[in-house]
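Peer 1: Provide a 3D model corresponding to the input given below.
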Amino acid sequence: MEEPLSQDLVAHIASLARIDLEEAELLHFTEHLGKILGHAQQLDALDLDSVEPMSHPYPLNNVLRDDVPGPTIEPTDVMNQAPDVSENQFRVPPVLGESS
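Peer 2: Below is the predicted model of the structure:
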């Protein structure tokens, strides 16, 4: 981008995105978008011909542990701690106008 980002262009972009900006917001975003585009220009100017394309700068391995089953809680122990149980199920207050 040779010339600085204009408020009219930012207002047009906001209009296309269906975003209503007040004058103060327009000034704020014009300044910050200009800085972002300037940084992108700096990155674009780098000589990266000798850099191989990659998805991540470091080699990654799966760092997750194996999924090993552990001890579980018995269903009867859980039901014994519930405030209200009916037919081996938790009983809760009716929702969405349902009758009990």
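Peer 1: Strands along this protein, start to end?
Peer 2: Using DSSP state E, the strands of the chain run over residues 85-86, 89-90.
Peer 1: Save the ones you listed as CSV, and put in mean neighbour count too.
Peer 2: The C-beta positions use only the backbone N, C-alpha and C, and glycine is treated the same way. Shown next, in CSV, are the strands of the chain (neighbours: other Cβ atoms under 10 Å):
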stretch, mean neighbour count
strand 85-86, 11
strand 89-90, 10
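Peer 1: between those, which gets nearest to Leu60?
Peer 2: The closest of these to Leu60 is strand 89-90. By Cβ to Cβ, the value is 42.1 Å.
Peer 1: Pull out the buried residues from the longest helix along the chain.
Peer 2: Longest helix in the chain, counting residues (DSSP state H): helix 23-44. For helix 23-44, the neighbour count (16 or more other Cβ atoms under 10 Å) marks Phe29, Thr30 as buried.
Peer 1: per-residue pLDDT, Gly97?
Peer 2: On pLDDT, Gly97 comes in at 73.
Peer 1: any idea how far it lies from Ser86?
Peer 2: 20 Å (Cβ to Cβ, to the nearest Å).
Peer 1: Could you pull out the helices in this protein for me?
Peer 2: Going by DSSP H, the chain shows helices at 7-16, 23-44, 75-81.
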